[in-house]
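S.K.: Here is the input, now give the coordinates:
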Amino acid sequence: MNAAWLPLTALATSLLVVVIIFALPEDARRLRTTINLMAAVVKIILVILMVRRVAAGHEDIFSFQVIGGVDFVLRSDALGVMFAGLSSLLWLCTTIYAIGYLEGSANRKRFFGFFSLCVASTIGIALADNLFTFLIFYEMLTLSTYPLVVHNGTRQALDAGRVYLRYTLSAGVVLLLGTVLLYSLTGDQSFSSEEGLGDYLNDHRGLLTLIFALLVGGLAVKTAMVPLHGWLPRAMVAPAPVSALLHAVAVVKAGAFGILRVVYDLFGIELSVELGVITLLAVAASFTIIYGSLRAIAQEELKPRLAFSTVSQVSYVILGIGLFGPFGTVGALAHLLHQGLMKVTLFFCAGNYAEELGIHRIDEMDGAGKRMPLTSIAFTIGAFGMIGLPPVAGFITKWYLGVGAIQAEMYWVVAVLVASSTLNAMYFLPIVHRLWFRSGPAHGKGSWPKEQRLGRFETHSWLLLPMVFTALVSLGAGLFAGLPFSPLDWAARVANGEYLP
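M.R.: Numbers count the residues shown, from 1 in each chain. So this is what the prediction gives:
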């Protein structure tokens, strides 16, 4: 039985919140907070219902015809609900964090309105069943994120916003061109179609290769693949909740998720291999991984270092696609979830250091572990996960990618993984050392840049609890990776659907 209301309601929940928030007065802080949290919890419940139905073999579809041959379609499949689950869980965490972070600041109504619109766009991307629907929400995501990037209103923020729009709107044009070419060749092509594009290979190989390049090229901008990554470090002028949203929940994940859809659900892995584009993806991802890590080492401020880390880390998803095998796919899909959990933890920590102690530079972090132990433990867990140390979730990703590379006889990828982990250690371990093994102002050596007491604990509880939760989940996703419905288990479920008859 088709429960079409489920994907539609999951999307409508955020859209309704957008309308309500913009209708409320600016000073309705308590009501706005209640509505935000209630909507986030409701969305998680809806996604859990979709997960249960997908696990039972049901895919719920809502559709209507826009014009002849073009349909708006939402569908809950294994890959879509996986991304929707990540977005919903981290939306709740980031909403709680943002409520504490923006306490007493101006323009909170505008922030939370566009914040909810951004999440609605992400859910639409997750549940879209064709390129037309995907493109609508993909561009909606671009436009809804811009006010968040420029939220502070400074000249630096406005400049970063212009760079962001130049990159993402140009990418949208490229993606639109690829979509139009595909529709002109095949008509409305569903992500769930079993026919694929293989029938067009003999007569339209060149056109199919061009379409693939346009679609992946347009998506690679939001994925921040080199040389299309320039917007991401600039966008770090945004508030910490926005940085967490950009890196872990919405924008870069939407690009990576879109490439997964193009390769696995639109072209199909066999046709992608036949066109000769899969190995190119692996090479481009490998270059991005190494380049992003090298640039991260050179950064002296914490958020830019984390930004270049994202440039590197998200390309693990693309690298997994390029390995052409179930282990590589499992590694790619698991990392989509694992990286989101670990990176949102790191940005929460960065925001806490900035809010409580005024710390922005890495050389200001000496001894902060003793002043803010929970934040520093969470940062250490996230950093170890990014390096790939067990038992944090990042180890699972790199293990599966390494095994996938060996099975595909792409041994050079193993060298890339080793080099990347070494570089990750080079830019994360010095921070961990400063936190725990150097003396700071707590031992009489000067003062923090701007210390304040925001709550009863080491910082405001609204800033502390989401960070502790995501750190524990990052750890649990590694320790209990073999349990049913874990990120690894669900990634294996999606991969089996792709490779098994």
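S.K.: Could you measure from L333 over to A296?
M.R.: Here L333 is placed at a distance of 24 Å from A296 (Cβ to Cβ, to the nearest Å). Just so you know, the C-beta spots here come from the backbone N, C-alpha and C atoms, and that holds for glycine as well.
S.K.: Same check on A254?
M.R.: Applying Cβ to Cβ to A254 and A296 gives a distance of 22 Å.
S.K.: Also M82?
M.R.: 27 Å.
S.K.: just A368 next, same as before
M.R.: 19 Å.
S.K.: So between these two, which is more surrounded?
M.R.: A368 (28 against 25; other Cβ atoms under 10 Å).
S.K.: Tell me which residues touch that one, please.
M.R.: Y353, L357, I359, T375, S376, R434, L435, G440 (Cβ atoms under 8 Å, 6 or more residues apart in numbering).
S.K.: so where's this protein shaky on pLDDT?
M.R.: Low-confidence segments of the chain, defined by pLDDT under 70, span residues 1, 442-446, 498-501.
S.K.: what about 50?
M.R.: 501 (pLDDT under 50).
S.K.: what about the strands in it?
M.R.: Counting by DSSP state E, the chain has strands at residues 61-67, 70-75.
S.K.: could those be laid out in CSV, adding distance to A160 and mean neighbour count?
M.R.: Output for those, formatted as CSV (distance: least, Cβ to Cβ, whole Å; neighbours: other Cβ atoms under 10 Å):
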stretch, distance to A160, mean neighbour count
strand 61-67, 35, 14
strand 70-75, 33, 19
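S.K.: how about the ones you listed in TSV, adding distance to I35?
M.R.: Below are the strands of the chain laid out as TSV (distance: least, Cβ to Cβ, whole Å):
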stretch	distance to I35
strand 61-67	24
strand 70-75	23
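S.K.: how close does A368 sit to P241?
M.R.: Going from A368 to P241 by Cβ to Cβ gives 20 Å.
S.K.: How about the contacts made by the nearest residue to V277 once chain neighbours are set aside?
M.R.: Nearest residue to V277 in three dimensions, chain neighbours excluded: F212, at 5.5 Å (Cβ to Cβ, 6 or more residues apart in numbering). F212 sits next to G178, V262, F267, S272, L275, V277 when contact means Cβ under 8 Å, 6+ apart.
S.K.: Drop anything exposed from those.
M.R.: Applying 16 or more other Cβ atoms under 10 Å to these, the neighbour count classes G178, V262, F267, S272, L275, V277 as buried.
S.K.: tell me which of these is nearest to P484?
M.R.: Taking Cβ to Cβ as the measure, P484 lies nearest V262 of the buried ones among the contacts of F212, at 29.2 Å.
S.K.: Enumerate every residue touching that closest one.
M.R.: If a contact means Cβ under 8 Å, 6+ apart, then V262 has F212, L215, V216, L219 as its contacts.
S.K.: Farthest pair within those residues?
M.R.: Of all pairs in the contacts of V262, the most separated under Cβ to Cβ is F212 and L219 at 10.8 Å.
S.K.: Narrow the buried ones among the contacts of F212 to those in helices?
M.R.: Residues of the buried ones among the contacts of F212 located in helices (DSSP state H): G178, S272, L275.
S.K.: now the buried ones among the contacts of F212 as TSV including distance to V54?
M.R.: Converted to TSV, these look like this (distance: Cβ to Cβ, whole Å):
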residue	distance to V54
G178	28
V262	21
F267	23
S272	24
L275	30
V277	29
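S.K.: Identify, from the residues you listed, the entry nearest to N496.
M.R.: Distances from N496 to these, taken by Cβ to Cβ, are shortest for S272, at 18.5 Å.
S.K.: E26 versus that closest one, what's the distance?
M.R.: From S272 to E26 the distance is 50 Å (Cβ to Cβ).
S.K.: Likewise for V150?
M.R.: Applying Cβ to Cβ to V150 and E26 gives a distance of 18 Å.
S.K.: what number of residues lie near T422?
M.R.: When neighbours are counted by other Cβ under 10 Å, T422 registers 11.
S.K.: where along the stretch 151-300 of the chain do the helices fall?
M.R.: Remark: helices assigned in the stretch 151-300 of the chain by DSSP state H, counting those that start in this stretch are 155-186, 201-223, 231-234, 240-244, 251-260, 269-275, 278-297.
S.K.: Among the ones you listed, which comes closest to F485?
M.R.: Taking these one by one with Cβ to Cβ, helix 251-260 is closest: 19.4 Å.
S.K.: Residues contacting that closest one, please?
M.R.: 79, 83, 86-87, 121-122, 125-126, 134, 138, 141, 145, 215-216, 219-224, 232, 245-246, 281, 310, 314, 317-318, 321, 332-333, 336, 340.
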